[in-house]
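Novice: Only the shape, not the letters, is given here:
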């Protein structure tokens, strides 16, 4: 099987994969980074969202071998480790504070997508922008109300972080 | 997904050599190809990933022509200052494809080579009378799309860039399928030096020009010129989202909205 090397959450990793191995399978099954979820496996729900060279992508629709040499950030890579334990990323903290979830299955993808949104659209996001930019992420519990509040609050907090 | 060999050529020449085998398939952004492989709708000996070919990525202007590399993602087209300034209709079209995560990955060339009947880019390529440059030749936009998932591309032929002549006015109006964001009907209207062009996607097996609307708008470029113009529903697509008759109605309405947006 061909080898692939990439940087995941700042660490160099390598593995042997098949041509058809998806990035999400590499993350979950080879690296045991199971924070990235598989929801629909059909590029619709966004549960598997990670950052590939800084851009949000659906890792169920990217081949692992296509990420050779790339830099990948997953939900596990957002929090900052410190001497007094890990400190949540401002967007994670905002989802906790505003309870932007119910079952939590879509949450890693929502948060990765929200951080990507802030990177593209800035810190001051109105409700319409947030809803439009979250079209690639589906939540089947919440009705999105608290998710939208969390993204707006997280974006503001990222400005001050 | 059936397994396949994976190649990531560093040059267009190497890619073309690998693609000379007709059971090899080019991989662009993969936003349609990978889902179709997961469904086992297709099986290939190898995928030839064009992702490393910097030579066919990027946006530049050459006088009155906007040139976009085939491997440029939709998000880059949508956010480009050059496209926003010179051809905002194309930036708007790109911004309406799929969702942000798909737009970060999907490409102009991939969308065109796939030739989904409901894809957005074909409407711009035909609506602007663009020229498609491949590693072998130049193809007129009008001659590129041949049918459902069918194009003029031959084995080993790779789209390098698309050359869009800048129009006087242009806009794209789409009635989208809310879940997939594909076009139930999408209409690209452009007022160009060579006359008015109206290209329709989503409504038929392949993108087509709406000649009755072109003739009417050629005489007078405003929405009122479309009064009384209709489209025959024979041979239009019909599915659970919209009947052929409804699509015919939507084509006229989206044409009207595109004209209003272009003015």
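Specialist: Received the coordinates, thanks. These figures come from a predicted structure and were not determined experimentally.
Novice: Wait, residue B:133 touches residue B:158, no?
Specialist: No: between residue B:133 and residue B:158 there is no contact under C-beta atoms under 8 Å: 10.1 Å. Just so you know, the C-beta spots here come from the backbone N, C-alpha and C atoms, and that holds for glycine as well.
Novice: Comparing those two, which residue is more hemmed in?
Specialist: Using other C-beta atoms under 10 Å in any protein chain shown, the more surrounded residue of residue B:133 and residue B:158 is residue B:158, with 22 against 18.
Novice: can I assume that one is in contact with residue B:27?
Specialist: No: judged on C-beta under 8 Å, residue B:158 makes no contact with residue B:27 at a distance of 11.4 Å.
Novice: and for the two, which residues touch both?
Specialist: Common neighbours of residue B:158 and residue B:27, using C-beta atoms under 8 Å, 6 or more residues apart in numbering or on different chains, are residue B:50.
Novice: Tell me how many other residues surround the residue lying closest to residue A:61 once chain neighbours are set aside.
Specialist: Nearest non-adjacent residue to residue A:61, counting by C-beta to C-beta, 6 or more residues apart in numbering or on different chains: residue A:43, 4.4 Å away. Using other C-beta under 10 Å, residue A:43 is surrounded by 25 other residues.
Novice: just residue A:98 next, same as before
Specialist: Residues lying near residue A:98 (other C-beta under 10 Å) number 18.
Novice: Quick one: residues contacting the residue in chain B that chain A sits nearest to.
Specialist: With C-beta to the nearest C-beta as the measure, residue B:99 is the residue of chain B nearest to chain A, at 3.0 Å. Residues in contact with residue B:99 (C-beta under 8 Å, 6+ apart) are A:46, A:135, A:136, A:137, B:181.
Novice: so when I look at the first one, I'm seeing a helix, right?
Specialist: To tie it back to what came earlier, the one meant is residue A:46. No: counting by DSSP: H, G, I helix; E, B strand; the rest coil, residue A:46 is located in no helix; its state is coil.
Novice: per-residue pLDDT, it?
Specialist: Residue A:46 carries a pLDDT value of 98.
Novice: swap in the second one?
Specialist: What the model reports for residue A:135 is a pLDDT of 96.
Novice: Check the last one too.
Specialist: On pLDDT, residue B:181 comes in at 94.
Novice: neighbours of the closest residue to it other than its chain neighbours, just the number please.
Specialist: The spatially closest residue to residue B:181, leaving aside those adjacent along the chain, is residue B:98, at 5.4 Å (C-beta to C-beta, 6+ apart). Using other C-beta under 10 Å, residue B:98 has 24 neighbouring residues.
Novice: Now flag whichever of the contacts of residue B:99 is closest to residue B:222.
Specialist: Using C-beta to C-beta, residue B:181 comes nearest to residue B:222 of those, at 29.2 Å.
Novice: which residues does that closest one contact?
Specialist: A:135, B:96, B:97, B:98, B:99.
Novice: I'd like to know how far residue B:78 sits from residue B:103.
Specialist: 7 Å (C-beta to C-beta, to the nearest Å).
Novice: For the chain, just list every one of the helices.
Specialist: I went with chain A, as the question did not name one. A:23-25, A:90-97, A:107-121, A:127-133, A:145-160 (DSSP state H).
Novice: should've been chain B
Specialist: B:12-19, B:33-38, B:74-79, B:81-86, B:88-95, B:100-103, B:108-114, B:121-127, B:141-144, B:211-219, B:244-262.
Novice: does the third one come close to chain A?
Specialist: The one in question is helix B:74-79. Yes: judged by C-beta under 8 Å from any C-beta of the partner chain, helix B:74-79 comes into contact with chain A at B:75, B:79.
Novice: Contacts only, for residue B:91.
Specialist: Here residue B:91 is in contact with B:77, B:78, B:79, B:80, B:83, B:84 (C-beta under 8 Å, 6+ apart).
Novice: Buried only: go through those residues for me.
Specialist: Among the contacts of residue B:91, those scoring as buried are B:77, B:78, B:80, B:83 (criterion: 16 or more other C-beta atoms under 10 Å in any protein chain shown).
Novice: From residue B:74, how far out is the last one?
Specialist: Read that as residue B:83. Using C-beta to C-beta, residue B:83 is found at 11 Å from residue B:74.
Novice: Residue B:15 versus residue B:109, what's the distance?
Specialist: Relative to residue B:15, and taking C-beta to C-beta, residue B:109 is found at 12 Å.
Novice: most centrally placed residue in chain A?
Specialist: Of all residues in chain A, the one closest to the mean position by C-alpha atoms, centre = their mean is residue A:112, 2.8 Å from it.
Novice: thought that one was touching residue A:50?
Specialist: Yes: taking C-beta under 8 Å as the definition, residue A:112 is a contact partner of residue A:50 at 5.9 Å.
Novice: Chain neighbours aside, what residue packs nearest to the one residue in chain A that gets nearest to chain B?
Specialist: Relative to chain B, the nearest point of chain A is residue A:136 (3.0 Å; C-beta to the nearest C-beta). Distance criterion C-beta to C-beta, 6+ apart; nearest residue to residue A:136, sequence neighbours excluded, is residue B:99 at 3.0 Å.
Novice: Give me the pLDDT value at that neighbour.
Specialist: At residue B:99, pLDDT is 97.
Novice: and what of the one 3 residues further on?
Specialist: Residue B:102 is assigned a predicted lDDT (pLDDT) of 97.
Novice: Kindly report the same for the one 10 residues further on.
Specialist: The predicted local confidence for residue B:112 comes out at a pLDDT of 98.
Novice: before we move on, what about residue A:155?
Specialist: 98.
Novice: Kindly tell me how buried residue A:50 is, as a neighbour count.
Specialist: Residues near residue A:50, counting by other C-beta under 10 Å: 31.
Novice: Might you report the residue contacts of it?
Specialist: Neighbour list for residue A:50: A:23, A:24, A:27, A:36, A:56, A:57, A:59, A:72, A:73, A:74, A:75, A:112 [criterion: C-beta under 8 Å, 6+ apart].
Novice: Also residue B:185?
Specialist: B:174, B:175, B:200, B:201, B:202, B:203, B:242, B:247, B:250, B:251, B:254.
Novice: what's the spacing between it and residue A:125?
Specialist: For residue B:185, the distance to residue A:125 (C-beta to C-beta) stands at 31 Å.
Novice: again, but for residue B:68
Specialist: In terms of C-beta to C-beta, residue B:68 sits 28 Å off from residue A:125.
Novice: show me the contacts for residue 16.
Specialist: The chain I'm using is chain A. Going by C-beta under 8 Å, 6+ apart, residue A:16 touches A:1, A:2, A:3, A:4.
Novice: looking at chain B here, not the other one
Specialist: B:135, B:156, B:157, B:158.
Novice: All good on my end, thank you.
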